[in-house]
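[1] Here is the input, now give the coordinates:
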Amino acid sequence: MFGKKNKKQEVQVDDRLRHIAFIMDGNGRWAQKRGMPREFGHSHGGDTFKKIGRYCQKIGIKYMTVYAFSTENWKRPQKEIDTLMKLLDDYIEDAFREMYEDNVRVKFVGNLSVFPESVREKMAKIEKETEQKPFTLNIAINYGGREEIVHACNKLIKEGKESITEEDVSASIYTAGQPDPDLIVRTGGDIRTSNFLLWQSAYAEYYFTKTLWPDFSERDVDAAVAEFYSRKRRYGGV
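    The predicted structure follows:
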């Protein structure tokens with residue numbers, strides 16, 4: 001009944017897929033379908049995030065970015081915001097405990113100035129202590145794609161730039177020095193970019209699924225990767 005033909009074939013990626021990004025949508029709806037408050041879904045979504053991160057690292061992806069909290073998410077109910085901030089703090093604490101065995105470089109991308117100094121210090125410490133790790137995990141927190149581009153341009157103006165090139169902007173955004181995402185996956189059924197990685201996604205492939213984030217599995221990653229490899233990326237050519 002459970003012969004070899006049912007055994008999961010492990011996916012392996014190559015240099016065509018170095019960077020995958022996730023819009024982790026559907027946590028609140030997942031909880032509401034179960035008669036639970038939205039915060040319940042975010043807690044389960046946090047578990048999925050860890051599981052998917054480990055799997056992406058295992059199959060050979062070098063960079064992963066997750067949309068954890070947008071600049072627009074401050075409009076949500078305070079209780080939900082508090083839960084998300086608690087999950088962030090718990091993740092940082094877990095990262096300190098597990099960083100020596102996980103081999104993950106953690107980087108927080110977004111406008112971090114809104115967070116208390118104690119939180120920013122924790123973020124800076126974990127970034128510094130993991131900076132030599134081989135798998136890069138970008139956590140987009142208080143992040144907005146438009147804000148990122150404006151921030152980059154203002155940074156260049158302060159540096160005295162009178163004329164700004166694409167290369168200048170790429171070197172000044174939050175993910176500077178990293179390859180742009182090759183594949184962006186959005187869960188939850190909505191088909192839009194929601195102000196995520198606007199500059200970096202110019203030539204990214206998008207994959208949309210109705211699966212809610214807490215239900216997203218390794219097999220769903222495999223399906224997204226298979227779809228990516230079935231496409232021909234022309235970068236404006238023929």
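[2] contacts and neighbour counts: CA atoms only from here.
    Fine.
[3] Could you list every helix and strand that the lengthiest helix in the chain packs against?
    If you go by DSSP state H, the chain has its longest helix at helix 78-102. With contacts taken as 3 or more CA pairs under 8 Å, 6 or more residues apart in numbering; DSSP states H and E, helix 78-102 sits against helix 38-58, helix 117-129.
[4] Highest mean neighbour count out of the ones you listed?
    Highest mean neighbour count of those: helix 38-58, a mean of 18 (counted as mean count of other CA atoms under 10 Å).
[5] could you dump it to CSV, C-alpha only?
    The C-alpha coordinates for helix 38-58 follow below in CSV (Å, rounded to 0.1, in the frame of the first residue of the first chain):
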residue,chain,number,x,y,z
ARG,A,38,-7.1,35.7,13.6
GLU,A,39,-4.2,35.6,16.0
PHE,A,40,-4.5,31.8,16.2
GLY,A,41,-3.8,31.6,12.4
HIS,A,42,-0.7,33.8,12.8
SER,A,43,0.7,31.4,15.4
HIS,A,44,0.2,28.4,13.1
GLY,A,45,1.6,30.5,10.2
GLY,A,46,4.8,31.0,12.2
ASP,A,47,5.2,27.3,12.4
THR,A,48,4.7,26.9,8.7
PHE,A,49,7.3,29.7,8.1
LYS,A,50,10.0,27.7,10.0
LYS,A,51,9.1,24.5,8.2
ILE,A,52,9.2,26.0,4.7
GLY,A,53,12.4,27.8,5.5
ARG,A,54,14.2,24.6,6.5
TYR,A,55,12.8,22.9,3.4
CYS,A,56,14.0,25.6,1.0
GLN,A,57,17.4,25.5,2.5
LYS,A,58,17.4,21.7,2.2
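[6] Could you check the angle the least confident helix or strand in the chain by mean pLDDT makes with helix 38-58?
    Across the helices and strands of the chain, mean confidence by mean pLDDT, DSSP states H and E is lowest for helix 78-102: a mean of 74. Taking axes from the mean of the first three to the mean of the last three CA atoms, to 10 degrees, one finds helix 78-102 and helix 38-58 inclined to each other by 20 degrees.
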